[in-house]
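Asker: Turn this into a structure:
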Amino acid sequence: MTKPHMKIAVAIPCYKVTQHVLDVIRTVPASVTRIYAVDDACPDNSGAFIMQHCKDQRVQVLFNPQNQGVGGAVVTAYQQALVDGMDIVVKVDGDGQMNPKLLPLFVHPILSGQADYTKGNRFFRPESVRGMPPVRLVGNALLSFLTKLSCGYWSIMDPTNGYTAVHTSVLRELPLDKLEKRYFFETDMLFRLNTIRAVVRDVPMDSVYADEQSNLKISRVLPEFLKKHLSRLGRRYVYNYLVRDFNVGSVYSLCGSLLVFVGGAFGVWHWAHSNASHLPATSGTVMLAAMPILVGIQLLIAFLHHDVSNVPSDPLQISLREHIDDLEEAQP
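Answerer: Here you go, the predicted model:
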């Protein structure tokens, strides 16, 4: 159900973007109510630069006293949007890589009640990735698969894409102060959204590379990213399959893991015994080791299939809005 009166805000993290940010603000559609430009302790004084040169009355400059990274800057805008009563917040970078004119594409699924959170996907059309450097292309594909595992949104791609939109009723359900502050912010956001069963949709877009220099060093962040993905995977499994619910996926995963462990331990012990005694294991012993492993692998595959089919599909914003309406009607 479309809500034409809903107030839309744009969040623009500002860090060394003085060459592009005014053009970005200038192209923000007129349908936007508020523009939050967040100076994340920028050495170029982006906030003061915007206040001096931008005359758009929708712009509100926010200042972080210390540099918190893109995640910290976006959270600052989110918190202000909640205070100001905004309904949707769209995050756009200030470096010119994200075209604000695409904003209606990101907002529409939320306005129509089809999604709680939308994000850009530069991999949807083959034409969209022609200008993408091969290293980024391969890296994003690998990160996408890791994100599917750790966050549970199996239908999304391009997890590091920062062009996003979110309904503020969903933001109120998230622990904003616990979100990752820097490069892992977008992935951590997806993980948190999955814990509350929010619906996420991809929005096709083209990749644009301006003259800015990326501060992301793959060799430095890869070990950190792997560690954080494993952490989110473990936490998501415990929360979704042991704490909040115990379902057939829980049975598949626990029984499968147990059988693989027992079969593997049995096989290793007999292999060591055979190696020490110089006597080959019998075919029956080999089968006793192999069968639990094979059955366990089949159960783990069944669990994976269950997890893929368990992606949230009912938008959270609708149930939250209905709950608020019920509370309002119950008041005398």
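
Asker: next structured bit after the helix or strand that contains residue 9?
Answerer: Residue 9 belongs to strand 8-14 when assigned by DSSP states H and E. Counting by DSSP H and E, the next helix or strand C-terminal to strand 8-14 is helix 21-26.

Asker: hang on, the earlier thing: with only the CA atoms kept, save the strand holding residue 9 in PDB.
Answerer: Extracted C-alpha coordinates of strand 8-14, given in PDB (Å, rounded to 0.1, in the frame of the first residue of the first chain):
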ATOM      1  CA  ILE A   8      12.000  10.400   2.900                       C
ATOM      2  CA  ALA A   9      15.500  11.400   4.100                       C
ATOM      3  CA  VAL A  10      18.900  11.000   2.500                       C
ATOM      4  CA  ALA A  11      22.000  10.200   4.500                       C
ATOM      5  CA  ILE A  12      25.300  11.300   3.000                       C
ATOM      6  CA  PRO A  13      28.500  10.300   4.800                       C
ATOM      7  CA  CYS A  14      31.100  13.000   4.100                       C
END
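
Asker: What residues of that strand count as buried?
Answerer: Buried residues in strand 8-14, counted by 16 or more other Cβ atoms under 10 Å: 8, 9, 10, 11, 12, 13, 14. Any C-beta I mention is one placed from the backbone N, CA and C, and that applies to glycine too.

Asker: Same question for stretch 267-278.
Answerer: For stretch 267-278, by 16+ other Cβ under 10 Å, it's 267, 270.

Asker: Residues touching the strand holding residue 9, excluding its own?
Answerer: 21, 24-25, 28, 31-40, 42, 46-47, 50, 70, 73-74, 77-78, 81, 84, 86-94, 100, 103, 107 (Cβ atoms under 8 Å, 6 or more residues apart in numbering).

Asker: Can you pick out the ones from those residues that are in helices?
Answerer: Among the contacts of strand 8-14, the residues falling in helices (DSSP state H) are 21, 24-25, 46-47, 50, 70, 73-74, 77-78, 81, 103, 107.

Asker: re earlier: between which two of the buried residues of strand 8-14 is the distance greatest?
Answerer: 8 and 14 (19.4 Å; Cβ to Cβ).

Asker: And the strands in this structure?
Answerer: 8-14, 34-40, 59-64, 88-91, 117-121, 164-167, 200-204 (DSSP state E).

Asker: Now tabulate the ones you listed in a markdown table and tack on distance to residue 176 and mean pLDDT.
Answerer: Putting these into a markdown table (distance: least, Cβ to Cβ, whole Å; pLDDT from 0 to 100) gives the following:
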| stretch | distance to residue 176 | mean pLDDT |
| --- | --- | --- |
| strand 8-14 | 12 | 96 |
| strand 34-40 | 14 | 96 |
| strand 59-64 | 14 | 96 |
| strand 88-91 | 11 | 97 |
| strand 117-121 | 14 | 95 |
| strand 164-167 | 11 | 96 |
| strand 200-204 | 17 | 94 |
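
Asker: Among these, which comes closest to residue 253?
Answerer: strand 200-204 (23.0 Å).

Asker: which parts of that closest one are buried?
Answerer: Per 16+ other Cβ under 10 Å, strand 200-204 contains these buried residues: 200, 201, 202, 203.

Asker: now, which of the residues you listed sits nearest residue 299?
Answerer: Looking across the buried residues of strand 200-204 and measuring by Cβ to Cβ, the closest to residue 299 is residue 200, at 27.9 Å.

Asker: so what's that closest one bridging to?
Answerer: With DSSP bridges as the criterion, residue 200 is bridged to residue 117.

Asker: Next, work out how far apart it and residue 191 are.
Answerer: For residue 200, the distance to residue 191 equals 11 Å [Cβ to Cβ, to the nearest Å].

Asker: and residue 85, what does it touch?
Answerer: residue 7.

Asker: Could you check the pLDDT of it?
Answerer: Listed pLDDT for residue 85 reads 94.

Asker: Check residue 280 too.
Answerer: 85.

Asker: hang on, it packs against residue 271?
Answerer: No - Residue 280 is beyond contact range of residue 271, at 10.3 Å (criterion: Cβ atoms under 8 Å).

Asker: quick check: longest helix of this protein.
Answerer: The chain, longest helix under DSSP H: helix 248-277.

Asker: Can you tell me which helices and strands that one packs against?
Answerer: helix 283-309 (3 or more Cβ pairs under 8 Å, 6 or more residues apart in numbering; DSSP states H and E).

Asker: Residue 92: how many residues sit nearby?
Answerer: Residue 92 sits with 26 neighbouring residues when counted by other Cβ atoms under 10 Å.

Asker: quick one: it and residue 101 touch, right?
Answerer: No - taking Cβ under 8 Å as the definition, residue 92 is not a contact partner of residue 101, at 10.5 Å.
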